[in-house]
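1. Provided below are the primary sequence and the corresponding predicted coordinates.
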There are 2 protein chains.
Amino acid sequence: MKMKLIDEYRPLIEKRLDGLLPKSGYSDCADAMRYSLLSGGKRIRPILLLEFYKLCGGEGLSALDFAAVVEMIHTYSLIHDDLPCMDNDDMRRGRPSCHKAFGEDTALLAGDALLTLAFSVAAGTKGIDADRLTRAIKILSDKAGICGMIGGQVMDLKFEKTGAAPDELKEMYLKKTGCLLETAAMCGCVLAGADETVVAAASEYAKCVGLAFQIIDDILDCTADEKVFGKPVGSDEKNGKITYVTVFGLDNSKKLAAELTDKAVKILEEFDGNTETLKEFTRYLLNRNY
Amino acid sequence: MKMKLIDEYRPLIEKRLDGLLPKSGYSDCADAMRYSLLSGGKRIRPILLLEFYKLCGGEGLSALDFAAVVEMIHTYSLIHDDLPCMDNDDMRRGRPSCHKAFGEDTALLAGDALLTLAFSVAAGTKGIDADRLTRAIKILSDKAGICGMIGGQVMDLKFEKTGAAPDELKEMYLKKTGCLLETAAMCGCVLAGADETVVAAASEYAKCVGLAFQIIDDILDCTADEKVFGKPVGSDEKNGKITYVTVFGLDNSKKLAAELTDKAVKILEEFDGNTETLKEFTRYLLNRNY
């Protein structure tokens, strides 16, 4: 599926990510960081950040580095999630996962190094004043930490053993997937100097998108074309995983995802300024097939 | 061995670390963070930061949170280093290492969460202006990252397979141990508003201390009293590890550590203000028996 916003932003983001990484050949670990960060994700999080930055009056591409930061944190979390002691996934985005390609020790350090590099880039962002930067770094680290994304991962580990009630599943999705999308949307606003009300609306929007995004992942896991999806279809069912589809059924899950997307689009209407592109992007996320 | 500076600062640091951690029982991962962070280290890094902060005219304990940050990063690195895919150490500071007590998955996430929490605390430090904070966060993340501490870990992994020349061993020690001590000393100065010359002197001082510190670790590994040292003595030799002692011999290593300590003390003389306590602390580090 083509999407103008993605086509427009992706080359810029990829080029910046490449420029922020240590040079190829610096060490195995640097190569592993490069391998995972430049493996062709959709770059949804940096795009969200840049769009909210623009929406809140941010000028030009001063927020590009901070957008790259969120993608680094997303990638580190994937590398660590794939490790044998976690999900033990051999494949990621259609090719060997980081530890399969570089070994467990190097993959562990590559994840650590991406997380650390993210904060170096964030703190070194040019053209945005330090007050806004520290405010954004605080949001980023809180949402990525033990009460946010990592907290979601902790719940996931626990639920594999104990099972989860529908509400717990929702909370896990909001943390595991929602928190980093929230970071992107909120930091875009903060870096542009938006006030708390606006930042809170961006957070609400991203919570809806995050939950919808994860429900759609559950749906795609049992309906997608494997070649387009980039990972084996039906793996959730095979692994006895609790998902929105297993809890609420396929049709209800589709309905829920659509409702959340509508809600997200509605929240965008609270913003001053043109939100047409963001609305289109939000609907695209609902209708994606990978 | 007793040391006034440590006796004075340690209770303050421990109390603050306790306050910054998520509450006990929040999750397994939070308990694992608490278990490792509050397991009674010497707190050398936070003490260095606070002393350099004071030396450069910083007032009161505004830098206490940032001091805690450096200790969080030190602890995360120990948790990840101990993992089976890395050094595979079952014991740390005289009790089971984090993954032995909580499982590999939880230990991995506890390390990630401490690293992430460190940046949240750093960005949220009260009473220090945002320009100084971003400058300090940049130093911290660069020195802890792929070109610093993690880079030293990468070299360590490589040298286990290939061996190391004396110069390479020195570079690895400077990165693996030196960089975080440098962070502490440099950030203390930066947070107090010191200029670049002063920050550079603090960096030089910490490089000497870091290298001496690691050489002394090598010496203690073959000379210490196991009960005081808190880990098995002779493990380097048993594991065929290259250390300063295996490369330069015990006597030369002792001489080198003493020379580096003298150099560090001499650098302190470049600072305005009373450096007597720091000098005493530096000599204490040379003469420690654990």
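-> Thanks, I have the structure now. Residues are numbered from 1 along each chain as shown, chains lettered A, B, ... in the order given.

2. Tell me if I'm right that residue A:37 and residue A:19 touch.
-> No - between residue A:37 and residue A:19 there is no contact under CB atoms under 8 Å: 11.5 Å. (C-beta placed from N, C-alpha, C; glycine too.)

3. Have a look at these two and say which one is more surrounded.
-> Taking other CB atoms under 10 Å in any protein chain shown, residue A:37 and residue A:19 do not tie; residue A:37 has more neighbours (25 against 9).

4. give the contact list for the more buried one.
-> If you count contacts by CB atoms under 8 Å, 6 or more residues apart in numbering or on different chains, residue A:37 has them with A:17, A:21, A:71-72, A:75, A:114.

5. Mind checking which of those residues land in helices?
-> Among the contacts of residue A:37, the residues falling in helices (DSSP state H) are A:17, A:71-72, A:75, A:114.

6. Now tell me which helix or strand of chain A has the poorest mean pLDDT.
-> Least confident helix or strand, chain A: helix A:226-229 with a mean of 70, by mean pLDDT, DSSP states H and E.

7. Pull out the buried residues from the next helix or strand after that helix.
-> Going down the chain from helix A:226-229, the next helix or strand is helix A:235-238, by DSSP states H and E. By neighbour count with 16 or more other CB atoms under 10 Å in any protein chain shown, helix A:235-238 contains the buried residues residue A:236.

8. Flag the shaky bits of the stretch 101-250 of chain A, pLDDT-wise.
-> Residue ranges of the stretch 101-250 of chain A with pLDDT under 70: A:228-232.

9. 50 instead?
-> For the stretch 101-250 of chain A, no stretch has pLDDT under 50.

10. interface residues of it facing chain B?
-> Proximity of the stretch 101-250 of chain A to chain B (CB under 8 Å from any CB of the partner chain) is limited to residues A:103-106, A:108-109, A:111-113, A:115-117, A:119-120, A:122-124, A:129-131, A:133-135, A:137-138, A:140-142, A:144-147, A:150-151, A:153-155, A:157-158.

11. Give me the buried subset of these.
-> The neighbour count (16+ other CB under 10 Å) marks A:104-106, A:108-109, A:111-113, A:115-117, A:119-120, A:122-124, A:130, A:133-135, A:137-138, A:140-142, A:144-147, A:150-151, A:153-155, A:157-158 as buried among these.

12. Sitting in helices, which of those residues do you find?
-> Mapping those onto helices (DSSP H) picks out A:104-106, A:108-109, A:111-113, A:115-117, A:119-120, A:122-123, A:130, A:133-135, A:137-138, A:140-142, A:144, A:150-151, A:153-155, A:157-158.

13. And the helices in the stretch 151-290 of chain A, which stretches?
-> If DSSP state H, counting those that start in this stretch is used as the criterion, the helices of the stretch 151-290 of chain A fall at A:166-173, A:179-191, A:196-223, A:226-229, A:235-238, A:244-248, A:250-268, A:276-287.

14. before we move on, back to that, can you lay out the ones in helices among the contacts of residue A:37 as CSV showing distance to residue B:201?
-> Below are the ones in helices among the contacts of residue A:37 laid out as CSV (distance: CB to CB, whole Å):
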residue, distance to residue B:201
A:17, 36
A:71, 37
A:72, 33
A:75, 37
A:114, 32
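
15. Closest one to chain B out of those residues, please.
-> Within the ones in helices among the contacts of residue A:37, the smallest distance to chain B is 8.7 Å, found for residue A:114 (CB to the nearest CB).

16. Tell me how many other residues crowd the closest one.
-> When counting by other CB under 10 Å, one arrives at 29 neighbours for residue A:114.

17. Which residue, other than its chain neighbours, is closest to it?
-> residue A:76 (4.0 Å; CB to CB, 6 or more residues apart in numbering or on different chains).

18. Burial check on the one you found, number of neighbours?
-> Residues near residue A:76, counting by other CB under 10 Å: 27.

19. what do you get for residue A:256?
-> Per other CB under 10 Å, the neighbour tally for residue A:256 reads 18.

20. All good on my end, thank you.
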